[in-house]
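K.L.:
take a look and give me a structure for this.
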Amino acid sequence: MQKGATMELLDILKWFASISGIIAAFMVSLDNGRRVTGWGFALFVASSIAWISGALIQGEEALLSQNAVLFGINIFGVYRYLIRKKAVDG
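P.N.:
Numbers count the residues shown, from 1 in each chain. Next up, the predicted model:
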């Protein structure tokens, strides 16, 4: 890949990661039900993947490690809010 194309891809990844992270944080903070929160975590997953990709391209180890951990946390959020059935209080 040419240097200019790499920078363009990197810019797209960074902007996607930033904007999707902002939207995901807003969705989770709304506390508007399990479905909205779960999809907020799903968007956080996409944001983490974009940050991880950008960090790999730039060799940013701190950003990579942070988002690898956040990716795991966000996967747990997707599981908790979208996949796992909520316990019924008896």
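K.L.:
following the chain onward from the longest helix along the chain, which element is next?
P.N.:
Ordering each helix of the chain by length in residues (DSSP state H) puts helix 3-30 first. Proceeding N to C from helix 3-30, the next assigned helix or strand is helix 34-58, under DSSP states H and E.
K.L.:
pull out the buried residues from that following helix.
P.N.:
Buried residues in helix 34-58, counted by 16 or more other CB atoms under 10 Å: 37-45, 47-55. C-beta coordinates here come from the backbone N, C-alpha and C atoms, glycine included.
K.L.:
and it with helix 3-30, angle?
P.N.:
150 degrees (axes from the mean of the first three to the mean of the last three CA atoms, to 10 degrees).
K.L.:
switch to numbering from 29
P.N.:
Okay, residue one is now 29; in that scheme the one you just asked about reads as helix 62-86.
K.L.:
find the nearest non-adjacent residue to residue 59, please.
P.N.:
Nearest residue to residue 59 in three dimensions, chain neighbours excluded: residue 65, at 7.1 Å (CB to CB, 6 or more residues apart in numbering).
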